[in-house]
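Participant: coords below, sequence missing:
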């Protein structure tokens, strides 16, 4: 039987790897949509508002936000775990990065809704 820390690390590694692959795909879509198909390579603020109002675009951008946040929080958690924390400290770190990630995603969703609702 594997020690407890190795099992958790393996699951975290798998989540990091899967979210990394998803990030490559989503970042590619984001770069193409925002920079390569736009004349001049950059959208104006009004262009961004018009673009983000499309339901499919808003959905993909929000998925991108969630995946980036998840990937970043797993990375931060791994770095902090490498400091040699005890089990109690690891639980607090996990809770802290989970809360931080949730706040980041909630802010991104609020900001997207705010932008989409602008006239």
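Facilitator: Here it is on my side, so go on. For clarity, every value in this text was computed on a predicted model and none was experimentally measured.
Participant: Quick check: which element contains the residue nearest the centre of the chain?
Facilitator: Taking C-alpha atoms, centre = their mean as the criterion, residue 68 is the residue nearest the geometric centre of the chain, at 1.9 Å. Using DSSP states H and E, residue 68 sits in helix 55-81.
Participant: Return the set of buried residues in that helix.
Facilitator: Residues of helix 55-81 classed as buried by neighbour count (16 or more other C-beta atoms under 10 Å): 57-58, 61-62, 64-74, 77, 80-81. For glycine as for every other residue, the C-beta is placed from the backbone atoms N, C-alpha and C.
Participant: ok, and the closest non-adjacent residue to the residue nearest to the centre of the chain?
Facilitator: Leaving aside its chain neighbours, residue 68 sits nearest to residue 23 (6.5 Å; criterion: C-beta to C-beta, 6 or more residues apart in numbering).
Participant: from what I can see the one you found touches residue 69, true?
Facilitator: No. Using C-beta atoms under 8 Å, residue 23 makes no contact with residue 69, being 10.8 Å away.
Participant: average pLDDT across the helix or strand containing the residue nearest to residue 68?
Facilitator: Assigning secondary structure by DSSP H and E places residue 23 in helix 4-31. Helix 4-31 shows a mean pLDDT of 81.
Participant: Next secondary structure element downstream of it?
Facilitator: Heading towards the C-terminus - elements assigned by DSSP H and E - helix 4-31 is followed by helix 45-52.
Participant: how far off helix 55-81 does that following helix point, in degrees?
Facilitator: If you take axes from the mean of the first three to the mean of the last three C-alpha atoms, to 10 degrees, helix 45-52 sits at 100 degrees to helix 55-81.
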